[in-house]
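Colleague: Whatever this is, show me its structure:
(one chain, ligands or ions: 1)
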Amino acid sequence: MKINGNLFVPSKIAYVRGDKPAVECILCAIIIKDPRVKSLEVFRSAHFSLCANLYPYSPGHLLIFPKRHVEDVRELTLAESRELFHLEKRTLDILDKLYHPHGYNIGYNIGEWSGNSIKHLHLHIVPRYRNELGFVDIITETRIIVDDPVKNLPRLRKLFKAKTF
Ligand SMILES: [Zn+2]
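Modeller: Below is the predicted model of the structure:
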C-alpha cells in the first residue's frame, strides 16, 4: 500500500491500533519468555535484556531494558545504572561494526505525555544514517522500513557473546 508516495507498514499500524499481545507488560513477557509475545532478544546481562525493535525507526534500532519492571530511570540501583552504561557503550561498538551508522539518537520516553506506549523503562538506541528520511516520515509511519530486524539477529547475538566486546 502506498501513502504519500511511500510504503505503508501495516504491521505497525495494527500495533498502534491496539492489536497488541494480551499481556500486562510486553517487556516483562519477553523476560519470562511468554510465548504470546514475539521476542527479538539479542542478549541478556545480569540485570538487563537487549532486544531488536520489532518496528525499527531505522536499521539496527535496539532497546535495552531492565529485567525487573521499573518505569523511571531514577528507580535503577547504582549497580544497574553502571551495568546499563557499560551495555550501552558496548552496543554502540557493535552497531558501529555491523551497521556503520553516521550518528545515533539515544533516549527514554518517560510518562504518559512522552509518546511512550510501553511503561516498562527502555532505552532506545537508534542508529542514524546520512541519507535517511526525516523525523516526520518516521513518526507518521510513511517511510520505508528497509531493514528486517530479524535478519541480523544471529550476527548481533554472536557479537554480544564474543569476549572482545
Ligand atoms: Zn514490565
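Colleague: Spell out the secondary structure type for Ser39.
Modeller: coil (DSSP: H, G, I helix; E, B strand; the rest coil).
Colleague: Identify the residues contacting it.
Modeller: Contacts for Ser39 (CB atoms under 8 Å, 6 or more residues apart in numbering) come out as 30, 33, 51. Backbone N, C-alpha and C define where each C-beta goes, glycine included.
Colleague: part of a strand, is the first one?
Modeller: Pointing back at Ile30 there. No: looking at Ile30 with three-state DSSP, it is helix, so not inside a strand.
Colleague: Could you pull up phi and psi at the nearest residue to it once chain neighbours are set aside?
Modeller: Take Ile30 and drop its neighbours on the chain: the residue closest to it by CB to CB, 6 or more residues apart in numbering is Ser39, 4.7 Å away. When read as degrees, to the nearest 10, the backbone of Ser39 gives phi -100, psi 130.
Colleague: I'd like the distance between Ser39 and the ion.
Modeller: 13 Å (CB to the ion, to the nearest Å).
Colleague: Pull stretch 89-99 out as CSV, backbone CA atoms only.
Modeller: Coordinates of each C-alpha in stretch 89-99 appear next as CSV, following Å, rounded to 0.1, in the frame of the first residue of the first chain:
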residue,chain,number,x,y,z
LYS,A,89,28.8,1.6,25.2
ARG,A,90,29.2,-2.0,24.1
THR,A,91,26.0,-1.8,22.0
LEU,A,92,27.4,1.3,20.2
ASP,A,93,30.6,-0.5,19.4
ILE,A,94,28.7,-3.5,18.0
LEU,A,95,26.3,-1.3,16.0
ASP,A,96,29.3,0.6,14.5
LYS,A,97,30.8,-2.6,13.4
LEU,A,98,27.7,-4.2,12.0
TYR,A,99,25.7,-1.2,10.6
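Colleague: Just the buried residues of the longest helix along the chain, please?
Modeller: Assignment by DSSP state H gives helix 78-99 as the longest helix of the chain. By 16 or more other CB atoms under 10 Å, the buried positions in helix 78-99 come out as 80, 83-84, 87-88, 90-92, 94-95, 99.
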